[in-house]
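Engineer: whatever this is, show me its structure:
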Amino acid sequence: MIESLTVDRMVAIPMRDGTVLRADIYRPVGQRCPALVFRTPYDRTGLGMYGTFALRAASSGFAVVMQDTRGRGASGGRFTPFVHEREDGYDSIDWIASQPWCDGNVGMFGGSYDGVTQWQAAMSGHPALKAIAPNVTASSYHHGWVYRGGAFQLSFSLGWTLSLAAHNAARDPSVSGEVRGALTDALDDLQDTVLTLPLDEHPYLDGVAPYYREWLKHPTYDEFWERLDVSRAYPQISVAAFNMGGWYDTFLGGTLANFAGMRAEGPEAARDRQRLLVG
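Structural biologist: Residues are numbered from 1 along each chain as shown. Below you'll find the predicted structure:
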């Protein structure tokens with residue numbers, strides 16, 4: 001057990017386009033160690049069990065980097081789901097692996113969207129990323145997240161978008177009180193909000209979550225979704241993966257697909273380093 005730890009708050013990690021993402025870093029004092037990275041849009045400061053895990057892992061000899069994704073929490077830029085996670089994941093790992101407290105080996109962990117950030121980082125091919133532990137997450141963000149069987153996942157997609165947008169708007173002084181109120185009311189009355197027709201008649205989302213309309217403009221699996229699809233990249237992903245899911249979880253299909261796909265199509269050296277736990 002490590003006796004002395006340090007926690008660096010609000011650490012600036014620069015991306016290739018100049019955007020700065022913020023992270024808290026838990027690590028042992030005075031030694032180089034492997035790093036575990038948690039990239040989340042759900043506010044790195046309110047992580048409950050993940051915060052506890054960060055302390056436990058640091059006490060066991062790991063550096064743990066808890067980072068807000070682009071446009072979320074304290075990080076700069078605009079949040080657009082899925083789109084920036086590959087490049088931002090690569091740049092974050094690149095910065096972490098080069099720090100004097102890191103021994104050059106990086107792993108990642110987390111669930112749901114925090115699993116998206118892991119698979120997209122794995123798709124980036126950064127050599128320092130050795131292992132990931134994605135929990136309850138998707139493989140295709142078209143037919144496994146925003147759409148399912150060709151149908152738009154209205155309650156899931158709209159509810160998730162409203163929740164994230166309302167959280168950001170509450171912290172952004174540039175967002176008007178009228179928009180904040182509209183977001184809160186729409187989220188509180190979600191059962192009525194989902195009855196709105198046409199589906200994109202939510203003008204208060206335009207300035208804070210324009211990606212919602214973009215999703216509706218791409219109802220079929222096209223180039224917009226193809227470049228984000230984990231399943232198309234299995235042959236190029238060389239990391240070990242511990243996939244976790246639940247038999248009744250909404251992302252079970254993606255969890256199973258990522259495990260089976262990597263076992264069948266991943267690079268030969270990675271195929272036997274895939275594990276699956278379904279509870």
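Engineer: looks like A131 contacts S238 (just checking).
Structural biologist: No: at 10.6 Å, A131 and S238 do not qualify as touching, with contact defined as C-beta atoms under 8 Å. C-beta here means a position set from N, CA and C on the backbone, and glycine is covered the same way.
Engineer: contacts only, for F242.
Structural biologist: With contact set as C-beta atoms under 8 Å, 6 or more residues apart in numbering, F242 has these partners: 131-134, 275, 277.
Engineer: if you set the cut-off to 10 Å instead, what comes out?
Structural biologist: Applying C-beta atoms under 10 Å, 6 or more residues apart in numbering to F242 gives the contacts 107, 109, 131-135, 259, 273-277.
Engineer: got it, and R213?
Structural biologist: 199-200, 202-203, 205-206.
Engineer: what subset of the contacts of F242 is buried?
Structural biologist: With burial judged by 16 or more other C-beta atoms under 10 Å, the buried subset of those is 107, 109, 131-135, 259, 273-274, 276.
Engineer: and of those, the nearest to G266?
Structural biologist: Ranked by distance to G266 (C-beta to C-beta), the buried ones among the contacts of F242 are led by Q274 at 7.0 Å.
Engineer: excluding chain neighbours, give the residue nearest to the closest one in space.
Structural biologist: Nearest residue to Q274 in three dimensions, chain neighbours excluded: M262, at 4.7 Å (C-beta to C-beta, 6 or more residues apart in numbering).
Engineer: now do S124
Structural biologist: Leaving aside its sequence neighbours, S124 sits nearest to Y90 (C-beta to C-beta, 6+ apart; 3.7 Å).
Engineer: same question for T40.
Structural biologist: Spatial nearest neighbour of T40, chain neighbours left out: D114 (4.9 Å); criterion: C-beta to C-beta, 6+ apart.
Engineer: number of residues surrounding that neighbour?
Structural biologist: 22 (other C-beta atoms under 10 Å).
Engineer: what about it, which SS state?
Structural biologist: Three-state assignment for D114 (DSSP: H, G, I helix; E, B strand; the rest coil): helix.
Engineer: re the thing from before, what about the contacts of F242, which are in helices?
Structural biologist: F259 (DSSP state H).
Engineer: and the contacts of F242, which is closest to W225?
Structural biologist: Among the contacts of F242, and counting by C-beta to C-beta, the member closest to W225 is P134, at 18.9 Å.
Engineer: got a list of what the closest residue to that closest one other than its chain neighbours touches?
Structural biologist: Leaving aside its chain neighbours, P134 sits nearest to G115 (3.5 Å; criterion: C-beta to C-beta, 6+ apart). Going by C-beta under 10 Å, 6+ apart, G115 touches 108-109, 132-139, 230, 243-245, 251, 254-255, 258.
Engineer: repeat that for L158.
Structural biologist: So L158 contacts 152, 186-187, 190, 193-194, 196, 199, 202, 205, 209, 212, 215 (C-beta under 10 Å, 6+ apart).
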